[in-house]
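Visitor: Turn this into a model:
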Amino acid sequence: MEPALWEVRSKIGGNRISRVFFTVSGAEMILLHGFVKKTQKTPKKDIDLSRSRKDKWFILGEYDE
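Guide: Take a look at the predicted model:
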């Protein structure tokens, strides 16, 4: 996707796909956002939310919402 932002995709039936966005910091995998995708294109709001959480993680060293 972009530096330090990764995704895992999984087909869950009925033409639906689940996605989880994550980043890696040292030996930790930080899960940023997960959702069920119903269209071909990933909604911009989901990418933006993941990017925002990733940026907060690297700036603050943690993220708590």
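Visitor: what about residue 28, neighbour count?
Guide: 9 (other CB atoms under 10 Å). (C-beta placed from N, C-alpha, C; glycine too.)
Visitor: Oops, could you answer that again for residue 54 instead?
Guide: Neighbours of residue 54 using other CB under 10 Å come to 23.
Visitor: which one is it nearest to, not counting chain neighbours?
Guide: In space, and not counting its chain neighbours, residue 54 is closest to residue 23: 4.8 Å by CB to CB, 6 or more residues apart in numbering.
Visitor: you'd agree that neighbour is in a strand?
Guide: Yes - judged by DSSP: H, G, I helix; E, B strand; the rest coil, residue 23 forms part of a strand.
Visitor: how about it, what does it touch?
Guide: Residue 23 sits next to 4, 5, 6, 29, 30, 32, 54, 57, 58 when contact means CB atoms under 8 Å, 6 or more residues apart in numbering.
Visitor: ok, it to residue 9 distance?
Guide: 16 Å (CB to CB, to the nearest Å).
Visitor: Over to residue 3?
Guide: 19 Å.
Visitor: who's more crowded, those two?
Guide: Neighbour tally, residue 3 and residue 9, criterion other CB under 10 Å: the higher count belongs to residue 9, 10 against 7.
Visitor: Model confidence score at the more buried one, please.
Guide: pLDDT recorded at residue 9 is 90.
Visitor: ditto for residue 19
Guide: 92.
Visitor: So what sits opposite it in the bridge?
Guide: residue 9, residue 35 (DSSP bridges).
Visitor: excluding its backbone neighbours, what's nearest the residue nearest the centre of the chain?
Guide: With distances taken as CA atoms, centre = their mean, the residue of the chain nearest its centroid is residue 21 (1.8 Å). Closest residue in space to residue 21, ignoring its immediate chain neighbours: residue 50 at 3.7 Å, by CB to CB, 6+ apart.
Visitor: go on, residue 10?
Guide: Distances taken as CB to CB, 6+ apart place residue 18 nearest to residue 10, at 4.9 Å, with adjacent residues excluded.
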